[in-house]
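Undergrad: just the structure for this:
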Amino acid sequence: MGFPNSPVDPEIVQWGWPWHGRIESAAFGAATGTLRLPSGATMSVGRPTDYWTYLWDIGMPAPDSDSENPDEQWWNRAILRSAASSSDATVAYWYGGVGAGGNVQRYPMYVPGRGVLMRRFEVQFNSFVTQATITLSVPGFADVSRTYTLAQLGLDVSDATPTSVQRTAMDCSPDGRATLMLLTPFRTAFEPVELFGRAIIELRAVVLESGLLDFELNIISRYSDKVFSYENGFASEADELALYMYRFVSDTGDIHDGPTRPPTGNWQQIARWPVGSNHLQRVDETPCWAWYDASGAVEVLRYRRTVLEECSYSGTYSARSGFQRQTTTRQLLAGARSASLVEITNANLSGNQSTTTESGTYTADGELISSTTYVAPTSINTFSPGYLPPSAVTPQIDAELSRGYLVVSNKLLAPCIRQLSRDGGVTQEDWAGNALHPGGADVGRHIRLSTWPVAERNRWQTGSFNPITGQVVRHLRDLYCTWV
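TA: Below is the predicted model:
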């Protein structure tokens, strides 16, 4: 029946793990969990909270199994799993409950004629964050190390000086030879803040004909691949509207309303109020993640945030009305697929010389979250609704970037809204929208409440994708789940 736990021979005939399904555990880091088989039967397996998954497919023929039990089916592909990746870019190696012995911090790659070799990539930046050394190590081979500048790693940062770089191993190729790594640069002011931009690289191990070990570095996307656009429909960056009306009074008490001061005479400006309609829009976009699809091709995900400011006012100095609206759209894009969440804050104003009425609404993903009406004993010409257009300056730091989406697992990303207040801030909510994965998208909006116990909040932000069947599980309050 082949090798039940791990392939060890130079040429593999048959191997695998015969029991497949969803693994569940309520406790993070538990040694064992419950595997639910197709028949409903259960068995105990190890590493139940390793919810990051990897497809291992080395092109083997379908196994020749004599078992007719639907709960015991040998596959010619495997699901490897690990905990959320740390910055050292290592991945644990597990089937059901059996690991790779002392090599649990290495990843298996298949080399015809040599069998399965356990490899590890390490990326270490120097103290000045001007270059990095990448080392490939495989037991039985001499380590291979090379040093690269930031630009050679795709970190062609020209709008800031990075003071640190976070490394995240996102996925591994089906043959196990390559790792996709996300490089996130930070700068430090009072505390580290991420820059707007990412680099994605592929590190691929190679065994040369001479029998020596080597590796290749491929840049998948650069920091400079970020996109920034700014459309200003306003008269100037200091004014929110294209046209203002002014009220002037002369020393004789005459009143003049108009966009400019009268050309002659002693006139004093006493008021200014906006009229007309206009908008301002800003779009920020950058590569943010990548994975291998079922064919082994690299698919890059991009995060796009669009902020649209709109306003319109009409009327006279004595009485006027208008609105101000801000629409924020957070999107994840992968090929032709997309997932988004939209927030809209709207304020309608009307008033005269003595009072101003403001009615406001806040809507998230099409749902009305809150509405308020406020009457102020203030002239509409002095009342401020707190409108602030977004800056036109290309960002160097942007803490909102990684807060605009949630890495549910290495193969599940969803746009998110964090710390949404529905009842005056007593309870805060985190929202996750449709989640993209290598096979498509998992549709649904999921909400987490700040009043839940900590353990439930932690479980909610996780999930797992089955790279063989395409099944998705995410945002459960009571269980961690993964696949084998």
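Undergrad: report the beta-bridge partners for the residue positioned nearest the centre of the chain.
TA: Central residue of the chain (Cα atoms, centre = their mean): Tyr405, 3.7 Å from the mean position. Tyr405 forms beta bridges with Pro415, as assigned by DSSP bridges.
Undergrad: residues contacting it?
TA: 288, 303, 330, 332, 413-416 (Cβ atoms under 8 Å, 6 or more residues apart in numbering). Where you see a C-beta, it was placed from the backbone N, CA and C, and this is true even at glycine.
Undergrad: which one of those is nearest to Asp365?
TA: Closest approach between these and Asp365, by Cβ to Cβ: Pro415, at 9.6 Å.
Undergrad: can you give me the strands for the stretch 301-450 of the chain?
TA: 319-334, 337-352, 356-364, 367-376, 405-409, 412-421, 428-432, 435-437, 440-442, 446-449 (DSSP state E, counting those that start in this stretch).
Undergrad: ditto for the stretch 101-250 of the chain
TA: Under DSSP E, counting those that start in this stretch, the stretch 101-250 of the chain gives strands at 107-111, 115-125, 131-137, 144-149, 164-172, 178-188, 192-194, 199-207, 213-221, 227-232, 243-250.
Undergrad: in TSV, list those strands along with distance to Arg422, mean neighbour count and mean pLDDT.
TA: As requested, those are exported to TSV (distance: least, Cβ to Cβ, whole Å; neighbours: other Cβ atoms under 10 Å; pLDDT from 0 to 100):
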stretch	distance to Arg422	mean neighbour count	mean pLDDT
strand 107-111	44	22	84
strand 115-125	42	20	88
strand 131-137	45	17	95
strand 144-149	48	14	97
strand 164-172	33	21	92
strand 178-188	32	22	92
strand 192-194	28	16	81
strand 199-207	37	21	95
strand 213-221	37	16	97
strand 227-232	32	13	82
strand 243-250	37	16	80
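Undergrad: CSV please, covering those and showing distance to Glu358.
TA: What follows is the strands of the stretch 101-250 of the chain, written out as CSV (distance: least, Cβ to Cβ, whole Å):
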stretch, distance to Glu358
strand 107-111, 58
strand 115-125, 50
strand 131-137, 53
strand 144-149, 54
strand 164-172, 42
strand 178-188, 38
strand 192-194, 34
strand 199-207, 45
strand 213-221, 44
strand 227-232, 25
strand 243-250, 20
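Undergrad: so which of those is nearest Ala441?
TA: Among the strands of the stretch 101-250 of the chain, the nearest to Ala441 by Cβ to Cβ is strand 164-172 (17.6 Å).
Undergrad: that closest one: how far from the chain's middle?
TA: 13 Å (Cα atoms, centre = their mean, to the nearest Å).
Undergrad: what does stretch 51-61 give?
TA: With Cα atoms, centre = their mean, you get 24 Å for stretch 51-61.
Undergrad: got it, and stretch 443-451?
TA: 16 Å.
Undergrad: let's see the distance spanning that stretch from one end to the other.
TA: Using Cα to Cα, to the nearest Å, one end of stretch 443-451 lies 25 Å from the other.
Undergrad: one more: stretch 422-435?
TA: End-to-end distance for stretch 422-435: 24 Å, by Cα to Cα.
Undergrad: could I get the contacting residues of the nearest residue to Leu213 once chain neighbours are set aside?
TA: In space, and not counting its chain neighbours, Leu213 is closest to Phe141: 4.1 Å by Cβ to Cβ, 6 or more residues apart in numbering. Residues near Phe141 by Cβ under 8 Å, 6+ apart: 117, 212-213.
Undergrad: each with direction, which strands does the top strand by length along the chain pair with?
TA: The residue-count maximum for a strand in the chain (DSSP state E) belongs to strand 267-292. Paired neighbours of strand 267-292 in the sheet (DSSP bridges): strand 227-232 (antiparallel), strand 243-250 (antiparallel), strand 298-315 (antiparallel).
Undergrad: can you give me the buried ones in it?
TA: 267, 273-275, 277-282, 284-292 (16 or more other Cβ atoms under 10 Å).
Undergrad: hmm, back to that, out of the strands of the stretch 101-250 of the chain, which is closest to Gly444?
TA: Comparing the strands of the stretch 101-250 of the chain by Cβ to Cβ, strand 164-172 comes nearest, at 23.1 Å.
Undergrad: what helices and strands are in contact with the closest one?
TA: strand 115-125, strand 178-188, strand 267-292 (3 or more Cβ pairs under 8 Å, 6 or more residues apart in numbering; DSSP states H and E).
Undergrad: go again with 6 Å.
TA: strand 178-188, strand 267-292 (3 or more Cβ pairs under 6 Å, 6 or more residues apart in numbering; DSSP states H and E).
Undergrad: so can I have CSV of those showing distance to Gly258?
TA: As requested, the helices and strands packed on strand 164-172 are exported to CSV (distance: least, Cβ to Cβ, whole Å):
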stretch, distance to Gly258
strand 178-188, 48
strand 267-292, 10
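Undergrad: residues near Gly29, how many?
TA: 11 (other Cβ atoms under 10 Å).
Undergrad: how near is the residue of the chain positioned farthest from its centre to Phe186?
TA: The outermost residue of the chain relative to its centre, with distances by Cα atoms, centre = their mean, is Thr252 at 63.6 Å. According to Cβ to Cβ, to the nearest Å, Thr252 and Phe186 sit 63 Å apart.
Undergrad: and if you look at Arg36?
TA: 41 Å.
Undergrad: same deal with Gln471?
TA: Taken as Cβ to Cβ, the span from Gln471 to Phe186 is 36 Å.
Undergrad: what does Thr355 give?
TA: In terms of Cβ to Cβ, Thr355 sits 49 Å off from Phe186.
Undergrad: Ser338 now?
TA: 28 Å.
Undergrad: look up how far Thr382 lies from Arg325.
TA: Counting by Cβ to Cβ, the gap from Arg325 to Thr382 is 22 Å.
Undergrad: between these two, tell me which one has more neighbours.
TA: Arg325 (17 against 12).
Undergrad: mind listing what that one touches?
TA: Arg325 is in contact with 310, 346, counting by Cβ atoms under 6 Å, 6 or more residues apart in numbering.
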